[in-house]
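Colleague: dropping the sequence and predicted coords here.
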Amino acid sequence: MPAALAAFALALVAPLARAETDVAEPETYRTENYNAPVPATLKGARAVLSADAAKQMMDDGHAVFIDVYPRPPKPANLPAGTVWRDPPHRSIKGAVWLANIGFGGLTDQMQAVFEAGLARLSGGDKAKPLVFFCLRDCWMSWNAAKRALTLGYTQVYWFSEGTDAWEEFGYPIAVIEPEPGP
């Protein structure tokens, strides 16, 4: 069985505990309370991945893993002249960090950053497998995956358990930098 097909076969809806929350998919993007129980599904996505299925897809090497965790803003109350350094961001080793594109409403500028980022990462191939993730119970990855579907990407996967499950399973984590953006 080809590795990509095997990964799809392993694409089990992430944890059974989620079934207890029974969160319905909204018709549109989630625009508030992003850190809350998420649905077990994403209409139009190829699959909602378990940690094992996501790891198999990463090992297969054909999918692009896209971390949508927001980039922390520079605190407004820093004294003048204070140097601000972003805190380190730990993510799935080999993933790309497209920060701030998982919000429910994007500015035109952030929408353009998202579209350009996906075009670059996919090489312009809308059938390129894309795996969106953030943290467990993070609506931002759901929003970003849904947004990719509306842009016509056909191989969209959602790893709803994100870096939390990845790290719990002992899979490789690395500190990554955000892709250039506004």
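Modeller: Looks like it arrived, so ask away.
Colleague: how far away is F132 from R90?
Modeller: When distance is defined by CB to CB, to the nearest Å, F132 is 17 Å away from R90. For glycine as for every other residue, the C-beta is placed from the backbone atoms N, C-alpha and C.
Colleague: what's the local residue count around the spatially closest residue to F65 that is not a sequence neighbour?
Modeller: Nearest non-adjacent residue to F65, counting by CB to CB, 6 or more residues apart in numbering: A95, 3.9 Å away. The local packing of A95 (other CB atoms under 10 Å) involves 21 other residues.
Colleague: show me which of F132 and R90 is the more surrounded one.
Modeller: Here F132 and R90 are set side by side on neighbour count (other CB under 10 Å), and the busier one is F132, at 30 against 15.
Colleague: so that one sits right up against W139, yeah?
Modeller: No. Contact criterion CB atoms under 8 Å: F132 and W139 do not qualify, at 11.4 Å.
Colleague: quick one: residues contacting the residue nearest to F65.
Modeller: The contact partners of A95, taken as CB atoms under 8 Å, 6 or more residues apart in numbering, are 65-67, 133, 176.
Colleague: show the residue spans covered by the strands in the chain.
Modeller: With strands called from DSSP state E, the chain shows them at 47-48, 64-67, 89-92, 96-97, 130-133, 156-159, 173-176.
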